[in-house]
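In: here is my input; please provide its structure:
(2 chains)
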Amino acid sequence: MKQPSPPQPKTIPVVIAIGKVTFSEVIRDKILYNTLVFAFLLFGIAILASRLAFIQPDRVMIDFGISAVNLSCSFIGIFVGSTILIREFERRTVQVALSHPINRMQFVLGKFAGLAAVIAANWLLLSLAFLAILSMMAYDVAGSFSAALFVALLFNLIQSILLGAIALFLSTFTTTSISVMVCVGLYLIGNNISQIRALAEKTEFSLFKILLKGFALTLPNLEYFNLGTRATYGLAVELPFGIAGLSYGIVMIGFFLLLAGLTIQSRET
Amino acid sequence: MSAILQVESVKQSFRTGFWMTHVEVLHGVSLEVPKGCIFGFLGANGAGKTTLIQLIVGLRQPTSGTVRIGGYDAVSPMAKAKIGYLPERPYFHDHLTGEGLLKYFGTLSGMTSSQIQARTPKVLNEVGMSHARKLELRKYSKGMLQRIGIAQALLHDPEFLVLDEPMSGLDPMGRKEMRELILRLASEGRTIFFSSHVIPDVEAICEQVAVIQKGRLIGCGPIGKFLSDGPIQTEIAFTGLELSAAKKISELENIRAIPEGGVRGIVSSQKETTAVLKKLLAEEAKVLWVTPIRPSLEDLFHKESKT
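Out: Numbers count the residues shown, from 1 in each chain, chains lettered A, B, ... in the order given. Okay, the predicted model is just below:
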């Protein structure tokens, strides 16, 4: 006979609680600080390169700055995303958590929330640092601060969180090192999908053509988050492009989290 | 008395090795834990204790059979809400403080912030950890980790506590305190299921016992039944009869002199006790004590293990 059961926890407080613990755990991680140092080094190179540039010094600085934020946040997404969930299983800290009335999907969402918060904090810090450097060092301060620059930075954040979600998913069924390698590969390929399409058009081997087109179709297209010269030259960003990038990011993040939630069900504690 | 835990014909197998062959670690285990009792779960290392406990707390699903907590499937949130669990080695996020850990697990149990705040000092006080509430877990000793582990298991006031080897790694004083804590928690009306391979710990506090060996339950029931099943011996001590004369009484075994004078010996059955006492009185010996020696659970465990 079934006996009365106490009330069950709601998803949002559970996700926030797991996210907070994850955030406070990751901010103690050395890899975070190494990546931050790397980003600040790139900022230094950006200043140096802009001083050495013969024309458009401010554009050089913007290019380097956006790339520094992009690389740092993406690597944090990949490296932390590859370890954040699986470490719970390896250290068995997951056992007590899952003995509580929560399901594994809630746990995955909580870990992801913590990861997203870490990436967002890193992104905010670097973006503010970059904007401060730009405001101090740019020859044409007003001309450097365009809407496209802010959209590019925002898209850096979305791309990094997406890479984190992919790394999180991969880590549910493979090792950390494979997860990192695949994610770095996806980062490189995903930012060059149009090149793959162009190569597919040029190639004469039909099997290779199909293969390349298949890659271009199925692999995450990170070019949605790449404003390219629009950010560098402060050109207008069309609303459909912005909405498409945002929607694509949200859908893909949701998709990979769903996959992670499904694959983690069968993992041994 | 209704059962809070029902385990029926549970089998559990794992895939191991390159060919992923099935290895069965639990072979059709069935047991029931009545409400309100302290249930000891005994078994050697590798017998399958932790595997069964993980099934009970819903961390895995059995290959076949059912595990029910209060009538609910053990993996369901309704069942988990009734349980407080302390794993064998309490692995926690060591950057958290004692209070932070309780806040985290309290939220996972469905408690509100105000409920957690109200309950935290009580459970910390109950396990004697109030002084370390602000300390990071990385600075805790093994005994402190066990205690904070029990505090998190108690926080949502569950009616069923599952403790996997709660006394392992504790010093004698820590073991004694843990036994007292378990007895106190049981006196509050909770059902406690705890595993151990240390028989005296189970013998000292449990009302019901189950013994597992190589994935099979080889005994289960009230501890009194276990103990009464074994042979009951009696120790008889006396003076007024020399050691050499005492050795002529055939029913007396393990005869030895008492340092201050006198002789003691063991009689192996109740019937023979009467005969020995009659002989001693006939020899005008002065009987100092007649003490029944109940078999220890350890004796029974070893006997069962050999069969």
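
In: the residue nearest to A:A39 when sequence neighbours are not counted: what's it in contact with?
Out: Using C-beta to C-beta, 6 or more residues apart in numbering or on different chains and skipping the chain neighbours, the partner closest in space to A:A39 is A:S72 (3.7 Å). All C-beta spots, glycine's among them, are computed from the backbone N, C-alpha and C. Going by C-beta atoms under 8 Å, 6 or more residues apart in numbering or on different chains, A:S72 touches A:T35, A:L36, A:F38, A:A39, A:L42, A:N122, A:L126.

In: shouldn't A:S72 be within a strand?
Out: No: A:S72: not assigned to a strand; according to DSSP: H, G, I helix; E, B strand; the rest coil it is helix.

In: count the residues that sit near the closest residue to chain B within the stretch 151-269 of chain A.
Out: Residue of the stretch 151-269 of chain A nearest chain B, by C-beta to the nearest C-beta: A:T269 (4.8 Å). A count of nearby residues for A:T269, using other C-beta atoms under 10 Å in any protein chain shown, gives 16.

In: next one, pLDDT for it please.
Out: A:T269 carries a pLDDT value of 71.

In: list the contacts for it?
Out: A:F89, A:R92, A:V94, A:Q95, A:L98, B:Q54, B:L59, B:R60.

In: in a helix, it, correct?
Out: No: counting by three-state DSSP, one finds A:T269 to be coil, located in no helix.

In: pull up the residues of the stretch 51-200 of chain A that are close to chain B.
Out: A:R91, A:R92, A:T93, A:Q95, A:V96, A:A97, A:L98, A:S99, A:H100, A:P101, A:I102, A:N103 (C-beta under 8 Å from any C-beta of the partner chain).

In: hmm, the second one is touching B:R89, no?
Out: Read that as A:R92. Yes: with contact defined as C-beta atoms under 8 Å, A:R92 reaches B:R89; the gap is 7.5 Å.

In: next, residue 15: secondary structure please.
Out: No chain specified, so I'll use chain A. Secondary structure, three-state DSSP: A:V15 is helix.

In: um, chain B though
Out: strand.

In: who's it bridged to?
Out: Assessed by DSSP bridges, B:R15 has beta-bridge partners B:H22.

In: residues near it, how many?
Out: Using other C-beta under 10 Å, B:R15 is surrounded by 10 other residues.

In: check the one 4 residues further on too.
Out: The number of residues packed around B:W19, counting by other C-beta under 10 Å, is 6.

In: and it, what's its pLDDT?
Out: B:W19 carries a pLDDT value of 78.

In: and if you look at A:P57?
Out: 82.

In: please name the spatially closest residue to it (chain neighbours excluded).
Out: Closest residue to A:P57 apart from its sequence neighbours, by C-beta to C-beta, 6+ apart: A:S50 at 4.1 Å.

In: residue ranges with poor pLDDT in the stretch 201-307 of chain B?
Out: B:227-231, B:294-307 (pLDDT under 70).

In: what about the helices in it?
Out: Using DSSP state H, counting those that start in this stretch, the helices of the stretch 201-307 of chain B run over residues B:223-229, B:243-246, B:270-282, B:297-306.

In: circling back: and the contacts of A:S72, which two are furthest apart?
Out: Farthest-apart pair in the contacts of A:S72 is A:L42 and A:N122; separation 13.7 Å (C-beta to C-beta).

In: out of those two, which sits in the busier spot?
Out: A count of neighbours by other C-beta under 10 Å puts A:N122 above the other of A:L42 and A:N122, at 25 against 20.

In: identify the farthest-apart pair in the residues of the stretch 51-200 of chain A next to chain B.
Out: Most distant of those, by C-beta to C-beta, are A:R91 and A:P101, 22.0 Å apart.

In: residues in the stretch 151-300 of chain B within reach of chain A, list them.
Out: Counting by C-beta under 8 Å from any C-beta, the stretch 151-300 of chain B comes close to chain A at B:Q152, B:H156.

In: so is the most centrally placed residue in chain A in a helix, a strand, or just coil?
Out: Computing the C-alpha centroid of chain A and ranking residues by C-alpha atoms, centre = their mean puts A:S160 first, at 1.2 Å. For A:S160, the assignment made with three-state DSSP gives helix.
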